[in-house]
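K.L.:
would you be able to build a 3D model of this:
(one chain, ligands or ions: 2)
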Amino acid sequence: MQRITTLKEAFEYYRRDPVNFFKDILNFHFLSEDQTRVLQAFNEYRRLSVPAGHSTGKSSLAGGLTTYWLITRPKSRVIVTAPTYRQLKTIYWAEVNKIYNRSKLKQLNLFEINDKIMRINDKDLKREWFALPVTASTPEGMQGQHGDKTEVIEQIMKHLGIEEIGDDETIEIVSQILRGEKQIEGLTKEDKEKLLVMVDESSGVKNEIFEVLEGTDYDKLVLFGNMTKNTGYFYESVYNPKSKFYKVTMSSYNSPFMKKEQIHDLEETYGPDSNVVRVRLKGEAPDGNENSIFSSNKIDSAFQRSLSLSEYETIKLGVDVGKGSGGDSSTIYEKKDNRVRKKLDRKDFTLPDVKREIIQYCYKNRDKLIIANIDGTGLGTGLVQELEEGEIENLVVNDIQFAGKAKNKKEFNNKRTEMYFELSRNLDKLDLEEDQELKRELLIQIYEFDNNGRFKLISKDKIKEMLGHSPDKSDALALCNYEAETRNTSYRMSTEDLY
Ligand SMILES: Nc1ncnc2c1ncn2[C@@H]1O[C@H](COP(=O)(O)OP(=O)(O)OP(=O)(O)O)[C@@H](O)[C@H]1O
Ligand SMILES: [Mg+2]
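P.N.:
Numbers count the residues shown, from 1 in each chain. Ligands and ions are numbered 1, 2, ... in the order given. Next up, the predicted model:
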């Protein structure tokens, strides 16, 4: 207890001065202007909303504020949340750990921090003085983990989605505090600030969770994140004129942590007024228009382009296998240099037919190297396997998993999205045959932003719904244009060795 009293006195001074706390105690030798503005507003307002661009130092700031609150407010608590547990653990909580461990507090050994909780190192106080990362999970998931808890606690935990805190007593006390049933005893007037709620990647947090958070007896609520959507609680907190939140925007343009070339690249690629620039750099919400990654003009120009072929050595194929029952088509597009042609589009073809087509194609073009990018989901899996087993000498098979990780994980949510963006960037060079159905399929490739501000195409199911069928042509076209990661295919030969 003695140590706790000393701590209280030592940090009394910093209660009013977060900026110097960051500098003196957390060892931040420098703070950006935007970081300073957030810190100043933090003490002044009960509700704070911080929409931010990339690399503005928001994660560092949020992690530091968590520690700041806990140290300067005796018997205080911080509840930290984000859309997914993984995100919370790997980004937010990792940051809290990092900041605490490199701060001057570390050597005082006043707090204990592990991957589940940060709390005071005192057996009487540790259940009332802590920071806790929590996320929403499905009710089914909760049942499995906490089947033996009393009903009330289970309900609260279900709402708040508290997973894995460790011991039951802490859970009990957290629940009481959040329900406002438990009064903390012996607090002086200044001690009355208790609960800080911090939300990271706020655009991805469901409205129901915000309702639950609103229902807690919080003393401060701070929302951080890329504003990736123009609906929901986070959006309203900034753009609704009746919002009770004080707003501080953190822009990448002001950020000393953001590389100027990166800003330049995004402006060049997407335009200074694009949603990408608004969301990822300016910390603003995307505007209301739906965003197709292709423009009608550019598709038409590609239809009109006519290129002659050079002495090409490689041909790329994009392959999408249908069921053969009349629904989806089996489709193959071929790309020689930048000239793309449809080679197959048959509703009655399925795996064996497509396989035969490819084998014949490789034979006919036996002086070339054939790189086949195959949609490896569903029936494609079988085709990839069978072609690999066949070991056709001039064929390289790439299994493209649409839901798999992109090469550029920072920019694209999944491979399908990356593949279509690569096509869009290359469209100015391609020579395509006119095809209005293909054009329709391309225009319906609408993107959104995921919680990290990365591009994400709307789901294939939605596309099918809008189109009335699967976008087989555009998939095959995007596949034949995609630069798959090179694999270790040691038995493949150079083109000189072919036949
Ligand atoms: N005040 C500071 N002094 C020195 N370095 C800092 C400071 N704040 C942040 N940084 C560093 O700048 C980089 C970006 O910071 P941070 O990750 O907090 O930004 P972010 O806005 O969360 O970025 P992202 O958009 O990637 O989520 C990190 O390497 C971080 O360590
Ligand atoms: Mg971050």
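
K.L.:
show me the domain layout of the chain.
P.N.:
Structurally, the chain divides into domains by automatic domain parsing as follows: 2-258, 291-497.

K.L.:
got the phi/psi numbers for the residue in the stretch 301-450 of the chain that ligand 1 sits nearest to?
P.N.:
The stretch 301-450 of the chain approaches ligand 1 most closely through Lys410 (8.3 Å), counting by Cβ to the nearest ligand atom. In short, each C-beta sits where N, CA and C put it, glycine included. Note on Lys410: backbone dihedrals following degrees, to the nearest 10 are phi -70, psi -30.

K.L.:
and for it, nearest residue in space, chain neighbours not counted?
P.N.:
If the residues on either side of it in the chain are set aside, Lys410 comes closest to Arg454, at 7.0 Å by Cβ to Cβ, 6 or more residues apart in numbering.

K.L.:
any idea how far ligand 1 is from that neighbour?
P.N.:
The gap separating Arg454 from ligand 1 is 11 Å, by Cβ to the nearest ligand atom, to the nearest Å.

K.L.:
tell me if Asn373 really is in a helix.
P.N.:
No: counting by DSSP: H, G, I helix; E, B strand; the rest coil, Asn373 falls outside a helix, being strand.

K.L.:
nearest residue to it other than its sequence neighbours?
P.N.:
Closest to Asn373 by Cβ to Cβ, 6+ apart is Leu479, at 4.3 Å.

K.L.:
list the residues that contact Tyr92.
P.N.:
Ser59, Ala62, Gly63, Val80, Ala82, Pro133, Asp200 (Cβ atoms under 8 Å, 6 or more residues apart in numbering).

K.L.:
compute the number of surrounding residues for the last one.
P.N.:
To tie it back to what came earlier, the one meant is Asp200. 26 (other Cβ atoms under 10 Å).

K.L.:
contacts only, for it.
P.N.:
By Cβ under 8 Å, 6+ apart, the contact list for Asp200 reads Ser59, Ala62, Val80, Thr81, Ala82, Gln87, Leu88, Ile91, Tyr92, Phe224, Gly225.

K.L.:
all helices of the stretch 151-300 of the chain, in order?
P.N.:
If DSSP state H, counting those that start in this stretch is used as the criterion, the helices of the stretch 151-300 of the chain fall at 151-160, 168-179, 207-215, 233-239, 260-270, 275-276, 296-304.

K.L.:
and the last one, what does it pack onto?
P.N.:
What it means is helix 296-304. helix 436-443 (3 or more Cβ pairs under 8 Å, 6 or more residues apart in numbering; DSSP states H and E).

K.L.:
let me see the mean pLDDT of the next helix or strand after the helix it packs on.
P.N.:
Later in the chain than helix 436-443, the nearest helix or strand by DSSP states H and E is strand 446-449. For strand 446-449, the mean per-residue pLDDT is 91.

K.L.:
the residue nearest to Lys410: neighbouring residues, count only.
P.N.:
For Arg454, using other Cβ under 10 Å, the count is 22.

K.L.:
in the stretch 151-300 of the chain, what residue comes closest to ligand 1?
P.N.:
For the stretch 151-300 of the chain, Cβ to the nearest ligand atom, closest residue to ligand 1: Phe257, 3.5 Å.

K.L.:
rewinding a little: among the contacts of Asp200, show me the least confident.
P.N.:
Gln87 (80).

K.L.:
is it within a helix or a strand, and which one?
P.N.:
helix 85-87.

K.L.:
is Arg119 in a bridge, and if so with what?
P.N.:
Glu112, Phe130 (DSSP bridges).

K.L.:
contacts only, for it.
P.N.:
Counting by Cβ under 8 Å, 6+ apart, the residues that Arg119 touches are Phe111, Glu112, Lys126, Arg127, Trp129, Phe130, Ala131.

K.L.:
show me the shaky parts of the protein.
P.N.:
Scanning the chain with the threshold set as pLDDT under 70 gives 1-10, 136-193, 288-290, 326, 486-499.
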